[in-house]
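> could you look at this predicted model? Sequence included:
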Amino acid sequence: MNHGPTPPVVDAEKPDQLFAVIRRHWGFDALRPLQEQAMRAVLDGRDSLLVLPTGGGKSLCYQAPAVLRNEITVVISPLISLMKDQVDGLRACGVPAIQLNSSLSPEELREGEQAALEGAVRLVFASPERMATASFRALLTRIGVRTFAIDEAHCISHWGHDFRPEYRQLRELKRRFPQASVHAFTATATEPVRADIAEQLGLRDAEILVGNFDRPNLTYRVVPRNEQYDQTLDVIRRHPGEAGIIYCLRRRDVDQLTPLLKSNGIKAIAYHAGMSANERKAAHDVFTAEQCDVVVATVAFGMGIDRSNVRYVLHTGMPKSIEHYQQETGRAGRDGLEAECVLLYSGGDVVTWKKLMQKSVGEADGPVDPQYLESAYRHIADMEAYCRPVKCRHRSLVEYFGQQYEAENCGACDLCLGDAEPVPDAQTIAKKILSCVYRVQESFGAAHVAGVLRGANTAAIRGREHDKLTTYGLLAQHTLAEVRDFIQQLIGQELLLQVGDEYPVLKLNAASWDVMKDRRTARLLAIPVPERSPKADASPKSRGSRGAEVSWEGVDRELFEALRSLRLEMASQRGVPPYLVFSDATLRELARVRPSALEKMRFIYGVGEAKLRDFGQAMLDTLDAQCDSRNLSRDNANAAPPPPRDETPRKLSGGAIVAAELFRKGASIDEVMQNLKRARSTTCEYLSDYIRVAQPASIARWVPDEVYHQVAAAADRVGASALKPIFVELNEAVPYDVIRLVVTHLVATEKN
């Protein structure tokens with residue numbers, strides 16, 4: 001069993017070593033928000049809980065410290081496919097890692113366990129079920145494991161959207177390994193779920209880090225579902241040759257849609273729980289190997305999908321919770337580049353989900369938590385509210401998870417992009433709907449009220465003589481779907497109430513009467529189906545993606561496709577998914593900068609030493625051939641920057657607040673280290689945060705003026721967008737943390 005080369009031993013206390021390790025193995029010059037704080041918690045041996053959206057870089061937060069500390073970290077992961085992809089990715093970066101699970105033969109398991117005992121690996125991936133076995137726990141005790149990382153940690157919470165009973169046993173970790181730190185990682189967790197995770201795992205003095213839930217590179221659209229098949233084709237045709245995931249509510253929907261797509265020449269593959277394990281694995285492998293670009297699936301196609309260049313996710317029906325929606329759409333654009341998320345919505349989806357919930361309760365083997373249905377119905381109602389064209393989609397998602405959204409216009413959802421059109425005479429329509437609710441004595445649901453307004457000739461309406469009401473047929477010129485949508489929009493604006501779970505009825509409130517008396521204005525929007533089948537060469541910007549214009553700026557498309565073909569070939573030879581060779585973000589940067597030598601390729605985003613050694617020459621040969629034959633410029637130093645990352649300002653919290661006060665009073669780095677009992681690297685991070693927020697006129701107390709001016713001059717020559725070029729420019733004599741303090745101060749004071 002090949003575990004990969006053993007990384008060099010480094011000193012975790014040296015402030016520049018963390019960035020050196022990340023640069024060497026992963027090729028990153030800078031970290032995303034909260035990544036460094038999360039890594040420092042691991043290095044300090046302090047329990048932590050990190051919540052970052054999919055694509056936010058959670059894995060690196062336990063992988064890099066494992067290499068830096070030169071000791072084993074045990075990663076508890078729910079799916080074998082997810083473990084395999086992570087192990088393959090780590091080995092591609094030159095980091096020795098293994099998985100110990102049921103996919104291995106007894107001989108492979110013994111070999112892996114021996115490698116762990118000998119210290120030949122840095123990360124061991126295992127399932128929660130294996131963690132429960134006495135033999136595995138005994139192995140970890142012999143190794144002396146001091147760090148556990150729990151992936152998909154929301155699975156431990158009853159209040160989460162994907163509770164798994166086997167995760168509950170992980171509460172034993174702190175008791176069985178009292179000297180070890182436990183670090184929980186998840187992409188979706190509301191505040192109650194976060195509190196439950198910390199309690200269930202018994203985290204002590206934990207560093208709780210919650211990132212920005214917004215995914216600015218994703219464009220969200222909610223479209224009324226009418227011609228589902230044609231609408232699905234529309235989305236696929238907007239993304240020719242690009243990867244996409246199509247989610248369906250039921251298995252039979254998957255089985256019906258997949259052959260229809262194939263009949264239109266689309267290489268689609270099905271995936272759902274009704275297929276055999278071998279069939280599911282084959283579908284997963286075909287998709288991740290980029291031998292197929294479209295997978296049609298139920299939610300069973302989930303956590304194990306790490307393909308980074310998924311450019312669209314289409315839901316043919318409403319998911320059962322915002323948490324599920326956030327996680328499923330989060331599989332798009334994991335590389336930070338633009339992607340589209342489309343949801344085809346119908347009010348009937350709510351009824352479908354409630355029936356499925358009731359069925360699951362009826363088929364349960366044992367007693368069901370009485371709060372289960374109540375919680376499930378609440379999640380459905382929240383998801384239904386999101387689908388209404390009332391509020392910016394980005395704002396809705398961010399606020400659901402308890403954060404504020406500052407932008408007035410996100411520029412990346414149907415509502416902010418102007419896809420929705422105001423409905424003419426909305427006030428009159430609203431008054432007709434509210435009046436009808438009043439005249440049926442607030443005793444019926446949306447379907448019945450819509451039928452009355454449209455003048456439907458049904459036994460239910462005639463039997464109650466609702467065909468005699470003055471509101472009967474007042475909206476006959478509108479379709480049933482339109483009237484239902486108008487009703488839902490009024491509910492979303494809290495101008496009308498919907499009460500009850502199993503059989504909800506419409507009720508008036510004070511705001512309803514204000515509308516009927518023209519003391520308040522109702523707003524109704526119509527969202528047309530997006531224009532069908534744009535040209536195949538339509539620019540990403542035309543698809544409505546906010547980050548597309550920047551991420552494609554300066555990129556030679558033909559060269560990008562040539563590098564993409566080469567990547568597929570190299571991945572096939574190695575038997576790994578193409579994105580583990582290089583991400584699309586790295587390929588775009590190569591096609592933008594077009595480095596002329598291997599040494600210059602080291603500065604490209606995502607090119608570490610192992611990948612430079614294994615793939616660099618082949619990439620350079622293709623660059624040479626393409627650039628020579630087409631007379632393309634090389635070494636474009638002034639090219640556009642890599643894909644935009646979330647740079648939302650962070651507020652000081654926890655230890656950073658105490659440190660900031662000490663720094664404000666003039667304390668040195670050593671003094672703050674001793675006072676807070678934190679490592680130098682963590683203390684320097686606190687100082688960087690203090691400089692960013694307080695913007696002091698001088699940082700001479702912590703960085704000598706001579707060194708400050710050296711770093712500032714180097715930053716002026718090579719730019720301050722990345723630390724590595726400055727480090728090299730200064731002959732690697734100035735530590736990364738010092739460079740970072742100076743650059744932070746330069747950027748902070750430049751704004752004034």
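Yes, it's here.
> every contact and neighbour count from this point should use C-alpha atoms.
Will do.
> residue nearest the centroid of the chain?
Central residue of the chain (C-alpha atoms, centre = their mean): T54, 1.9 Å from the mean position.
> just checking, that one touches G336?
No. Applying C-alpha atoms under 8 Å as the test, T54 and G336 come out as separate, 10.1 Å apart.
> shaky segments in this structure?
Along the chain, the model assigns pLDDT under 70 to residues 1-16, 158-162, 302-305, 363-370, 501-502, 527-550, 637-655, 679, 681, 751-752.
> domain ranges for it?
The chain resolves into domains spanning 17-210, 218-400, 421-526, 553-630, 655-750 when parsed by automatic domain parsing.
> enumerate every residue touching the residue lying farthest from the centre of the chain.
In the chain, counting by C-alpha atoms, centre = their mean, K468 sits farthest out from the average C-alpha position, at 52.8 Å. By C-alpha atoms under 8 Å, 6 or more residues apart in numbering, the contact set of K468 is empty.
> now it, what are its backbone angles?
phi -90, psi -10 (degrees, to the nearest 10).
> state the distance from it to I461.
Note on K468: its distance to I461, by C-alpha to C-alpha, to the nearest Å, is 9 Å.
> ok, D670 next?
D670 is 79 Å from I461, by C-alpha to C-alpha.
> and if you look at L233?
Where I461 is concerned, L233 sits at a distance of 38 Å (C-alpha to C-alpha).
> and what of A697?
From A697 to I461 the distance is 75 Å (C-alpha to C-alpha).
> higher neighbour count, the two?
Counted by other C-alpha atoms under 10 Å, A697 and I461 do not tie: I461 has more neighbours, with 18 against 10.
> just give the nearest non-adjacent residue to that one, would you?
D467 (6.1 Å; C-alpha to C-alpha, 6 or more residues apart in numbering).
> can you pull out the helices in the stretch 401-550 of the chain?
426-439, 446-454, 459-463, 480-492, 510-516, 548-552 (DSSP state H, counting those that start in this stretch).
> from these, which stretch is densest packed?
When you average the neighbours per residue for each of the helices of the stretch 401-550 of the chain (mean count of other C-alpha atoms under 10 Å), helix 446-454 leads with a mean of 23.
> any idea of the angle it forms with helix 480-492?
120 degrees (axes from the mean of the first three to the mean of the last three C-alpha atoms, to 10 degrees).
> sorry, back to before: format the helices of the stretch 401-550 of the chain as CSV; extra columns: distance to V398.
Output for those, formatted as CSV (distance: least, C-alpha to C-alpha, whole Å):
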stretch, distance to V398
helix 426-439, 28
helix 446-454, 29
helix 459-463, 42
helix 480-492, 17
helix 510-516, 26
helix 548-552, 21
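> show me where the stretch 1-150 of the chain has its helices.
Using DSSP H, counting those that start in this stretch, the helices of the stretch 1-150 of the chain run over 17-26, 35-43, 58-69, 80-92, 106-117, 128-131, 134-143.
> and A481, how far from P224?
For A481, the distance to P224 - C-alpha to C-alpha - is 8 Å.
> L397 and D214 touch, don't they?
Yes. Applying C-alpha under 8 Å as the test, L397 and D214 come out as touching, 7.4 Å apart.
> quick one: residues contacting the residue nearest to the centre of the chain.
Taking C-alpha under 8 Å, 6+ apart, we find T54 in contact with A187, Q327, G330, R331, R334.
> tell me how far it lies from N217.
12 Å.
> and after the helix of greatest length in the chain, which helix or strand comes next?
Under DSSP state H, the helix in the chain containing the largest number of residues is helix 609-630. The element immediately downstream of helix 609-630 (helix or strand, assigned by DSSP states H and E) is helix 655-664.
> got the angle for the helix or strand just after that next one vs helix 655-664?
Once the chain leaves helix 655-664, the next helix or strand it forms, by DSSP H and E, is helix 669-676. Using the same axes, to 10 degrees, the inter-axis angle of helix 669-676 relative to helix 655-664 is 130 degrees.
> tell me what helix 669-676 is packed against?
Helix 669-676 sits against helix 655-664, helix 680-694, with contacts defined as 3 or more C-alpha pairs under 8 Å, 6 or more residues apart in numbering; DSSP states H and E.
> could I get the last one in PDB with only the CA atoms?
Output in PDB follows, covering the C-alpha atoms of helix 680-694 (Å, rounded to 0.1, in the frame of the first residue of the first chain):
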ATOM      1  CA  ARG A 680       3.300  32.500  18.800                       C
ATOM      2  CA  SER A 681       1.500  31.700  15.500                       C
ATOM      3  CA  THR A 682      -1.900  32.200  17.100                       C
ATOM      4  CA  THR A 683      -0.800  35.400  18.800                       C
ATOM      5  CA  CYS A 684       0.400  36.800  15.500                       C
ATOM      6  CA  GLU A 685      -3.000  36.000  14.000                       C
ATOM      7  CA  TYR A 686      -4.600  37.900  16.800                       C
ATOM      8  CA  LEU A 687      -2.300  40.900  16.200                       C
ATOM      9  CA  SER A 688      -3.100  40.800  12.500                       C
ATOM     10  CA  ASP A 689      -6.800  41.000  13.300                       C
ATOM     11  CA  TYR A 690      -6.100  43.900  15.700                       C
ATOM     12  CA  ILE A 691      -4.200  45.800  13.000                       C
ATOM     13  CA  ARG A 692      -6.900  45.200  10.500                       C
ATOM     14  CA  VAL A 693      -9.700  46.500  12.800                       C
ATOM     15  CA  ALA A 694      -7.800  49.300  14.800                       C
END
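> what's the offset of it from the middle of its chain?
27 Å (C-alpha atoms, centre = their mean, to the nearest Å).
> beyond that helix, next helix or strand please.
helix 705-718.
> list the buried residues of that next one.
Y708, Q710, V711, A712, A714, A715, V718 (16 or more other C-alpha atoms under 10 Å).
> ok, stretch 24-40 next?
24-31, 33-40.
> now do the end-to-end distance for that stretch.
Across stretch 24-40, first to last residue, C-alpha to C-alpha, it's 18 Å.
> stretch 340-358 now?
33 Å.
> to Y312, which of the helices of the stretch 401-550 of the chain lies closest?
Among these, helix 548-552 comes nearest to Y312, with 13.2 Å by C-alpha to C-alpha.
> mind listing what the residue nearest to I461 touches?
V452, G455, N457, I461.
> dump those residues to JSON lines, plus distance to Y229.
As requested, these are exported to JSON lines (distance: C-alpha to C-alpha, whole Å):
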{"residue": "V452", "distance to Y229": "30"}
{"residue": "G455", "distance to Y229": "29"}
{"residue": "N457", "distance to Y229": "30"}
{"residue": "I461", "distance to Y229": "33"}
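> which one among the residues you listed gets closest to Y386?
Nearest member of the contacts of D467 to Y386, counting by C-alpha to C-alpha, is V452, at 26.4 Å.
> any idea how far that closest one is from L344?
26 Å.
> quick one: buried residues of stretch 208-226?
Here stretch 208-226 shows 208-225 as buried, counting by 16+ other C-alpha under 10 Å.
> among those, which ones are in strands?
The strands, defined by DSSP state E, take in I208, L209, V210, L218, T219, Y220, R221, V222, V223, P224 from the buried residues of stretch 208-226.
> list the contacts for the second one?
Spelled out, that is L209. L34, A38, S48, L49, L50, V51.
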